[in-house]
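Novice: just a sequence and a predicted model for now, questions to come.
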Amino acid sequence: TCAVAALVGLSFSGAIGLTFLMLGCALEYYGVYWPLFVLIFYFICPIPHFIAKRVSDDSDAASSACRELAYFFTTGIVVSAFGFPIILARVEAIKWGACGLVLAGNAVIFLTILGFFLVFGRGDDFSWEQW
């Protein structure tokens with residue numbers, strides 16, 4: 001039941017993060033939907049980890065080059081997700097308040113993704129492979 005509580009908590013925090021993102025887009029004062037392109041970063045963020053996990057399952061090395069490359073690509077994706085709304089606000093495509101809401105949503109969503117991998121990423125009975 002601890003895993004179910006973790007899953008409920010992660011889904012709740014994911015909903016909070018997406019709410020911040022939608023508020024940054026849909027409030028009448030902001031009214032521009034360009035920040036929704038951040039959703040692409042949310043979807044591609046775990047892909048390097050999945051590829052590295054699949055490739056490096058055969059080796060028992062504590063730190064492999066493939067895993068380090070996956071960390072590098074994941075870091076680039078996360079930094080790009082935080083940089084995108086700042087660039088949009090800098091060129092005045094969105095307002096700075098919308099940028100702040102999107103950055104808050106980014107922080108919550110990426111912490112949720114990290115929490116998911118910390119809770120369900122272990123190789124125990126209850127892992128992310130069941131989902």
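Specialist: Received it, and whenever you're ready, just let me know what you need.

Novice: next one: the residue nearest in space to the middle of the chain from Thr75, what distance?
Specialist: Per C-alpha atoms, centre = their mean, the C-alpha nearest to the average position across the chain is that of Phe110, at 3.4 Å. Using C-beta to C-beta, to the nearest Å, Phe110 is found at 11 Å from Thr75. For every residue, glycine as well, the C-beta is placed using N, CA and C.

Novice: follow-up on the earlier one: contacting residues for the residue nearest to the centre of the chain?
Specialist: For Phe110, the contacting residues are 45, 78, 81, by C-beta atoms under 8 Å, 6 or more residues apart in numbering.

Novice: most neighbours among the residues you listed, which one?
Specialist: Of the contacts of Phe110, Ala81 is surrounded by the most neighbours, 23 neighbours in total, counting by other C-beta atoms under 10 Å.

Novice: show me where this protein dips below the pLDDT cut-off.
Specialist: Within the chain, the stretches with pLDDT under 70 are 56-63, 122-131.

Novice: helices along this protein, start to end?
Specialist: Under the criterion DSSP state H, the chain contains helices at 2-26, 38-44, 47-55, 65-90, 96-120.

Novice: which outside residues touch the shortest one?
Specialist: Right, helix 38-44. Contacting residues not belonging to helix 38-44 are listed as 21, 77-78, 80-81, 84-85, 102, 105-106, 109, 113 [C-beta under 8 Å, 6+ apart].

Novice: which of those residues count as buried?
Specialist: Among the contacts of helix 38-44, those classed as buried by 16 or more other C-beta atoms under 10 Å are 21, 77-78, 81, 84-85, 102, 105-106, 109, 113.
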